[in-house]
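Chemist: Compute the structure for the input listed below.
(chains A and B)
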Amino acid sequence: MTRKHETTPTAEVFEAIAADRGLPLDRERIEVALEMHAKFRHELDLLRSVELSPLPPYIQPETALRWIENGGRLP
Amino acid sequence: MSDLADLSIDELLTLFRTREATPLEALNACLGRVDRLDDRVNAVITLLVERATAQAEESTKRWQSGEARPLEGIPYGLKDIIETAGIRTTGGSPMYENYIPEESATLVDRLEAAGAVLVGKLQTFEFASGSNATTSNPWDLSRWPAGSSSGPAAAVAAHEMPLSIGTDTGGSIAIPAAFCGIVGLKATYGRISRAGVFPLSWTLDHAGPMTRSALDAAHALGVMAGYDPRDPTCGNVPVPDYAASLRTDLVGVRVGVPTEWFFDVCAPEVEAATRAAIELLAEQGATINEFQLPSTRTVQLHAIELTIVYAEVASLHEATLERLDEYGPEFQRLLTRAQFTSAVDYLKALRARHLVQLDFEQVFEQNDVVVVPGGMCVAPSHDHLVAKVGDEERPLIDVISRPTAVMDIVGLPAITIPAGFDDGLPIGVQIAARPYDELSCLSVAHAYQRLTDFHTALPPIVKDDLDAGPSDLSVELPVSIEKPVVTATRDRIW
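Modeler: Residues are numbered from 1 along each chain as shown, chains lettered A, B, ... in the order given. Just a heads-up that it's a prediction; the model follows:
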């Protein structure tokens, strides 16, 4: 399944997020964040569309660390 | 004609052993080179003349008394995100311009215990991110050296010192090594302790030596590698004697060559140099196997890299977000965007990276190493930071880490070595291997360097300095020099 995003965040959305978290970001900084987000959005959507199984043995962040420690294989 | 500043670690150790040179003489040669060239290169942010001289005097005595340690008397520099007790560590940030740590990073303790002589702290981008243009590429001073290990790469390329230590989150050792025509070894994630190293992204940060030969990188790695309880991600894996164990033949070595991703967005000159290097390995008896990366094709490596960096940088700098104005302009942009990263996206990135690891697990069932481009282009101009791919110009931030960030995402060891030139600018190739198999990377790189001379070519600024004559320290230097942190950029990538 590939999810399709019809909208991108607006300055008001980012301002609401910033307000909710108490971030000290004025409108100018919000615009910077939006600009960078817009450039990145396509790649992010593709990453979001990657399907990862919720069933065991599911991948956890630590799976990658075990793989490295074990020389490029899982124990 | 060359002087001691032009010699490799291996050559210096031989001369010290045979009493043909002393560490103090080697240090003075390096300080002389810094004195004459660094006003143009600007690789050094803090120069430690008095401290280094005292260390070199002790090293000289140790060689005389038969008590020399593995890197006794070797001059080196540290990227200035690596903490040094009693010596300011700026992180490349105005926020830490006067920060003096009480303890040194573990990797510094290990280098000092091995007898290496700290010449100075070296320029970096703020917290190892961005494009800060205060350091110039010794091959062409109008060009960018890349970064964030900009000072470490430029210092070694300008023959100001034979060894520097860099760090790599998305290519910060590999790309400056490629652009500056030196060797950069990004060790396996967890191979070298990062305790005492300013983080950019704890999931992706790696450390490693930057030198002018693979053999020198082996000397340095042998000292720096190994378990450290101060770094919770450090692996408890035995450390071989890399320098003594290097292979010099390539017969039977299995070399993987990608059919996708690495060459998809790559300057033709870089691809040609990479393929020529592979051909040379084959001529020497290596077996070449093409491979594919099916998951890597779909998971969006750049999105994984940026999402992880955004989330972790936001978390790391949460306590100082209210002082956002005190950061440099590029880091302000990064930190601002980073605030809008969702936990779900971050966890997707952390989980998806294992899919890329599984691709490489398959690759290393058939291969001992893989050979891919180092930088995907040559060094751009300071004033126009773009990636030139054929006739096309691409935004640097979109493509520059394409061949390198994958090594950080997967956690593989990867060494970048010089493999050619395009219009006088160096081209680098990377050799990567399984986690903790730095020895295979180093061996193939060493064998390649015995067959080629790209790594011994001199940048024009060094040639001119040699041609100018006497190369001893020509002026009395102050006990130390501390330059201000500068975060302004001529062009920017964020």
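
Chemist: which residue packs closest to the residue positioned nearest the centre of chain A, ignoring adjacent ones?
Modeler: The centre of chain A sits closest to residue A:44, judged by CA atoms, centre = their mean, with a distance of 6.4 Å. Nearest-residue entry for residue A:44: residue B:303, 5.2 Å, with adjacent residues in sequence omitted and distances by CB to CB, 6 or more residues apart in numbering or on different chains. Backbone N, C-alpha and C define where each C-beta goes, glycine included.

Chemist: same thing with residue B:93?
Modeler: Nearest to residue B:93 is residue B:126, by CB to CB, 6+ apart, at 4.7 Å.

Chemist: Give me the residue ranges of the chain where confidence is low.
Modeler: All of this refers to chain A. Along chain A, the model assigns pLDDT under 70 to residues A:1-7.

Chemist: Let me rephrase: I mean chain B.
Modeler: Along chain B, the parts satisfying pLDDT under 70 run over B:1-2, B:470-475, B:494.

Chemist: how does it look with 80?
Modeler: Filtered on pLDDT under 80, chain B yields the residue ranges B:1-2, B:133, B:469-476, B:488-494.

Chemist: how about the biggest helix by length in it as PDB, C-alpha atoms only?
Modeler: Criterion DSSP state H: the longest helix present in chain B is helix B:343-366. Extracted C-alpha coordinates of helix B:343-366, given in PDB (Å, rounded to 0.1, in the frame of the first residue of the first chain):
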ATOM      1  CA  ALA B 343       8.200  10.000  16.400                       C
ATOM      2  CA  VAL B 344       6.600   7.700  13.900                       C
ATOM      3  CA  ASP B 345       8.800   8.900  11.000                       C
ATOM      4  CA  TYR B 346      11.900   8.600  13.200                       C
ATOM      5  CA  LEU B 347      11.000   5.000  14.200                       C
ATOM      6  CA  LYS B 348      10.300   4.100  10.600                       C
ATOM      7  CA  ALA B 349      13.700   5.400   9.600                       C
ATOM      8  CA  LEU B 350      15.400   3.400  12.400                       C
ATOM      9  CA  ARG B 351      13.500   0.300  11.500                       C
ATOM     10  CA  ALA B 352      13.900   0.700   7.700                       C
ATOM     11  CA  ARG B 353      17.600   0.900   7.900                       C
ATOM     12  CA  HIS B 354      17.700  -2.800   8.800                       C
ATOM     13  CA  LEU B 355      16.300  -3.600   5.300                       C
ATOM     14  CA  VAL B 356      19.400  -2.000   3.900                       C
ATOM     15  CA  GLN B 357      21.500  -4.000   6.200                       C
ATOM     16  CA  LEU B 358      19.800  -7.200   4.900                       C
ATOM     17  CA  ASP B 359      20.700  -6.100   1.300                       C
ATOM     18  CA  PHE B 360      24.400  -5.900   2.300                       C
ATOM     19  CA  GLU B 361      24.200  -9.200   4.200                       C
ATOM     20  CA  GLN B 362      23.400 -10.800   0.800                       C
ATOM     21  CA  VAL B 363      26.200  -8.800  -0.900                       C
ATOM     22  CA  PHE B 364      28.800 -10.000   1.600                       C
ATOM     23  CA  GLU B 365      27.900 -13.600   1.200                       C
ATOM     24  CA  GLN B 366      29.400 -13.300  -2.300                       C
END
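
Chemist: Can you give me the buried ones in stretch B:298-310?
Modeler: By 16 or more other CB atoms under 10 Å in any protein chain shown, the buried positions in stretch B:298-310 come out as B:299-310.

Chemist: Residue A:53 - that's part of a strand, no?
Modeler: No. Residue A:53 sits outside any strand when classified using DSSP: H, G, I helix; E, B strand; the rest coil, being coil.

Chemist: give the contact list for it.
Modeler: Neighbour list for residue A:53: residue A:59 [criterion: CB atoms under 8 Å, 6 or more residues apart in numbering or on different chains].

Chemist: can we see that at 10 Å?
Modeler: A:59, B:351 (CB atoms under 10 Å, 6 or more residues apart in numbering or on different chains).

Chemist: Look up how far residue B:480 lies from it.
Modeler: According to CB to CB, to the nearest Å, residue A:53 stands 57 Å off from residue B:480.

Chemist: one step back: and the longest helix of chain B, anywhere near chain A?
Modeler: Yes. Using CB under 10 Å from any CB of the partner chain, helix B:343-366 reaches chain A at B:344-358, B:360-361, B:363-365.

Chemist: which residues sit in contact with the residue nearest to residue B:93?
Modeler: Residue B:126 makes contact with B:81, B:90-96, B:132, B:148, B:198, B:200, B:327-332, B:334-335, B:485, B:487, according to CB under 10 Å, 6+ apart.

Chemist: go on, residue B:432?
Modeler: If you count contacts by CB under 10 Å, 6+ apart, residue B:432 has them with B:174, B:186, B:256, B:360, B:363-364, B:367, B:369-372, B:403-404, B:406-407, B:410, B:412-416, B:440-441, B:444.

Chemist: now do residue B:114
Modeler: Residue B:114 touches B:68-72, B:74, B:219-220, B:222-224, counting by CB under 10 Å, 6+ apart.

Chemist: Please, which helix or strand holds residue B:255?
Modeler: strand B:254-258 (DSSP states H and E).

Chemist: Who does that strand pair with, and is each partner parallel or antiparallel?
Modeler: When pairs are called by DSSP bridges, strand B:254-258 turns out to pair with strand B:287-291 (parallel), strand B:369-373 (parallel).

Chemist: Which strands or helices does the helix or strand where residue B:310 lies pack on?
Modeler: Using DSSP H and E, residue B:310 sits in helix B:301-316. Here helix B:301-316 touches helix A:27-48, helix B:329-338, helix B:343-366, helix B:396-399, helix B:405-410, going by 3 or more CB pairs under 10 Å, 6 or more residues apart in numbering or on different chains; DSSP states H and E.

Chemist: Buried deepest among those, which one?
Modeler: Burial of the helices and strands packed on helix B:301-316 is given as mean neighbour count (mean count of other CB atoms under 10 Å in any protein chain shown); helix B:405-410 ranks first at a mean of 28.

Chemist: what sits against the closest residue to residue B:267 other than its chain neighbours?
Modeler: Closest residue to residue B:267 apart from its sequence neighbours, by CB to CB, 6+ apart: residue B:377 at 4.3 Å. For residue B:377, the contact set (CB under 10 Å, 6+ apart) comprises B:175, B:178-179, B:265-270, B:386-390, B:393-394, B:396, B:399-400, B:422, B:425, B:427.

Chemist: Can you tell me which of the residues you listed are buried?
Modeler: B:175, B:178-179, B:265-267, B:269-270, B:386-389, B:394, B:396, B:399-400, B:422, B:425, B:427.

Chemist: sorry, back to before: take the strands paired with strand B:254-258 and lay them out in JSON lines including mean neighbour count.
Modeler: What follows is the strands paired with strand B:254-258, written out as JSON lines (neighbours: other CB atoms under 10 Å in any protein chain shown):
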{"stretch": "strand B:287-291", "mean neighbour count": "15"}
{"stretch": "strand B:369-373", "mean neighbour count": "26"}
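
Chemist: which stretch among the ones you listed comes nearest residue B:122?
Modeler: With respect to residue B:122, and counting by CB to CB, the nearest of the strands paired with strand B:254-258 is strand B:369-373 at 25.1 Å.

Chemist: packing partners for the strand or helix carrying residue B:118?
Modeler: Assigned by DSSP H and E, residue B:118 belongs to strand B:117-122. The helices and strands touching strand B:117-122, judged by 3+ CB pairs under 10 Å, 6+ apart, are helix B:23-41, strand B:44-47, helix B:49-65, strand B:75-79, helix B:106-113, helix B:150-157, strand B:163-168, strand B:481-482.

Chemist: Done for today, thanks.
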